[in-house]
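S.K.: generate a structure from the sequence data that follows.
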Amino acid sequence: MPDHPGDAAAERMPGQSGDAAAGPAPGQSDDAAAERLPGESHNAAAETTKALYPEKSDGGTIAAGHTAVPVRNVDAQADPAPRRKSKWSLDLTDEDTTPATTDGGEHEPSSTFRFAAFGALLIVVLFAGYGLGRLNNGTSTTTTTTQAAATSAGATVINENMPHTHGTTGTGVTATGAMIGGLSLSSDGLTLHPAGTTFQAGKKQRLSFTIEATGGSPVTSYAIVHDKPLHLIVARRDLTGFQHLHPVMADDGTWSIDLTLAQPGIYRMIADFTALVGGRQITSTLGTDLTVAGDYVPQALPAPTNVASVAGLTVTYEGKPDTTAVQPLLMTVTGGAVEPYLGAYGHLVVLRQGDVAYLHVHPEQQLVDGKVKFWITAPSPGSYRMFFDFQVAGQVHTAEWTIEVS
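M.R.: All right, here's what the predicted structure looks like:
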């Protein structure tokens with residue numbers, strides 16, 4: 001007979017019925033069922049148990065020497081009814097479902113457990129890699145905008161504390177020269193749309209235009225840059241007839257101003273602005289041509305010099321623009337004290353001969369030894385015309401020079 005009662009049930013002898021091995025009959029105790037031999041009555045089995053194990057307690061444990069051996073429940077050891085297999089389940093062997101034990105009695109992880117642990121680790125690694133990728137590539141371009149404050153007119157006031165150059169899509173310079181603007185009718189998702197482009201020489205006419213966003217809707221919100229939401233530059237293609245104007249915008253986004261073009265020829269109008277579209281500030285300079293009918297006789301550029309005279313005032317500049325580095329230009333006005341104009345002590349517009357490429361440069365906020373100091377980089381070698389707007393005694397004047405950049 002086996003050493004333990006439970007083993008007697010699990011290992012039934014030949015000819016023993018399955019019922020006898022499976023468990024006790026109704027009303028029969030577990031101990032009797034565990035120890036009963038084939039053909040043995042319930043009472044006989046109980047007596048046999050008592051004779052063999054006199055130390056058995058009522059608590060269901062048999063004392064074997066100094067070791068307490070629990071009496072196994074035959075019902076619990078019986079083979080369970082086969083479960084219905086799901087189509088998603090894995091085919092498991094007895095080795096898969098029964099944990100292996102080591103000599104020390106500790107269970108080793110089954111292959112199923114190892115497979116699940118590996119899958120969990122793989123998921124963690126994949127998500128960690130995804131997170132690192134987001135950190136490295138999520139915000140590739142971070143830009144710093146100028147401090148601004150909203151106005152009651154729905155525009156934004158930009159406080160420009162440093163000297164800079166207005167270019168095609170922003171301000172600043174590059175290693176190969178300053179960024180330029182005014183060469184395109186459309187840029188950055190914005191399009192300049194003039195109502196009319198034909199003028200008569202010497203006659204005042206209304207110039208109207210809109211700045212349209214993607215989809216054709218006129219932009220109606222702009223930032224205030226140097227006291228104005230939009231600066232309009234007009235000059236003939238031979239760089240004569242320069243005008244720096246400030247049109248007024250209607251509620252529907254239409255800009256208008258009275259304009260007089262003195263001589264026949266092709267003029268370039270350049271709109272310099274910072275539009276507020278979709279919560280973004282888009283600084284741009286868009287340009288188009290205006291035509292004045294008549295005999296066009298282009299004028300040659302005046303010879304380069306650093307001295308200009310206007311309204312009894314003498315204006316000189318020091319410095320020479322370069323294409324490879326930012327260079328200072330200092331303007332000196334003799335015959336009157338320079339006053340702030342449009343939020344600065346002066347404004348410098350530079351136009352390139354040939355294509356009327358445009359730069360708009362603002363100076364340092366304070367005078368340097370009474371001089372207006374600009375920082376500038378030429379976009380390329382060539383001939384340029386510089387226009388310096390300044391104010392003396394409440395009157396705005398424009399000094400002009402020709403410069404050659406080699």
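S.K.: list the contacts for Arg236?
M.R.: Arg236 makes contacts with 261, 263, 265-268, as judged by CB atoms under 8 Å, 6 or more residues apart in numbering. (Glycine included, C-beta is placed from N, CA and C.)
S.K.: again, only using 10 Å
M.R.: 242, 261-268, 290, 292, 296, 298-299, 356 (CB atoms under 10 Å, 6 or more residues apart in numbering).
S.K.: wait, which of the residues you listed is closest to Gln200?
M.R.: Closest approach to Gln200 among the contacts of Arg236 (CB to CB): Val292, at 7.0 Å.
S.K.: so that closest one bridges to which residues?
M.R.: Going by DSSP bridges, Val292 is paired in beta bridges with Phe199, Gly265.
S.K.: neighbours of it, how many?
M.R.: Neighbours of Val292 under the rule other CB atoms under 10 Å: 21.
S.K.: tally of neighbours for Ile211?
M.R.: Neighbours of Ile211 under the rule other CB under 10 Å: 24.
S.K.: now the one 3 residues further on
M.R.: Applying other CB under 10 Å, we find 11 residues neighbouring Thr214.
S.K.: tell me how far it lies from Gly265.
M.R.: Separation of Thr214 from Gly265 (CB to CB, to the nearest Å): 33 Å.
S.K.: likewise Val350?
M.R.: Val350 is 21 Å from Gly265, where distance means CB to CB.
S.K.: contacting residues around the spatially closest residue to Val368 that is not a sequence neighbour?
M.R.: With CB to CB, 6 or more residues apart in numbering as the criterion, Val368 has its nearest non-adjacent residue at 6.7 Å, and that residue is Leu330. Applying CB under 10 Å, 6+ apart, we find Leu330 in contact with 316-319, 363-364, 367-374.
S.K.: same question for Arg385.
M.R.: Arg385 touches 235, 238-240, 242, 301-302, 349-353, 356, 400-403, counting by CB under 10 Å, 6+ apart.
S.K.: are any of those buried, and which?
M.R.: 235, 238-240, 242, 349-353, 356, 400-403 (16 or more other CB atoms under 10 Å).
S.K.: can you tell me which of the residues you listed are in strands?
M.R.: Counting by DSSP state E, the buried ones among the contacts of Arg385 place 235, 349-352, 400-403 in strands.
S.K.: turn these into TSV, including pLDDT and distance to Ala308.
M.R.: Putting these into TSV (pLDDT from 0 to 100; distance: CB to CB, whole Å) gives the following:
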residue	pLDDT	distance to Ala308
Ala235	98	16
Val349	97	14
Val350	97	14
Leu351	97	16
Arg352	97	19
Glu400	98	6
Trp401	98	6
Thr402	98	10
Ile403	96	12
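S.K.: and of those residues, the nearest to Gln281?
M.R.: Gln281 lies nearest to Val349 out of these, by CB to CB, at 21.7 Å.
S.K.: lowest-confidence helix or strand of the chain?
M.R.: Lowest by mean pLDDT, DSSP states H and E among the helices and strands of the chain is strand 148-150, with a mean of 33.
S.K.: pLDDT score for Pro340?
M.R.: The confidence metric pLDDT takes the value 95 at Pro340.
S.K.: if we ignore the residues flanking it in sequence, what's nearest it?
M.R.: Of all residues not flanking Pro340 in the chain, Gln391 sits nearest, at 7.2 Å (CB to CB, 6+ apart).
S.K.: that neighbour in helix, strand or coil?
M.R.: strand (DSSP: H, G, I helix; E, B strand; the rest coil).
S.K.: please indicate which of the contacts of Leu330 are buried?
M.R.: Buried members of the contacts of Leu330, counted by 16+ other CB under 10 Å: 316-317, 319, 363-364, 367, 371-374.
S.K.: biggest separation within those residues, which pair?
M.R.: Pairwise distances across the buried ones among the contacts of Leu330 (CB to CB) peak at 17.8 Å, for the pair Thr316 and Glu364.
S.K.: and Ser208, what does it touch?
M.R.: Counted by CB under 10 Å, 6+ apart, Ser208 has contacts 193-196, 247, 250, 254-257, 259.
S.K.: measure it to Ser256 for me?
M.R.: According to CB to CB, Ser208 stands 5 Å off from Ser256.
S.K.: which residues are in contact with each of these two?
M.R.: Joint contacts of Ser208 and Ser256 (CB under 10 Å, 6+ apart) are 195, 247, 250.
S.K.: closest one of the residues you listed to Leu342?
M.R.: For these, the nearest to Leu342 is Pro247 (14.4 Å; CB to CB).
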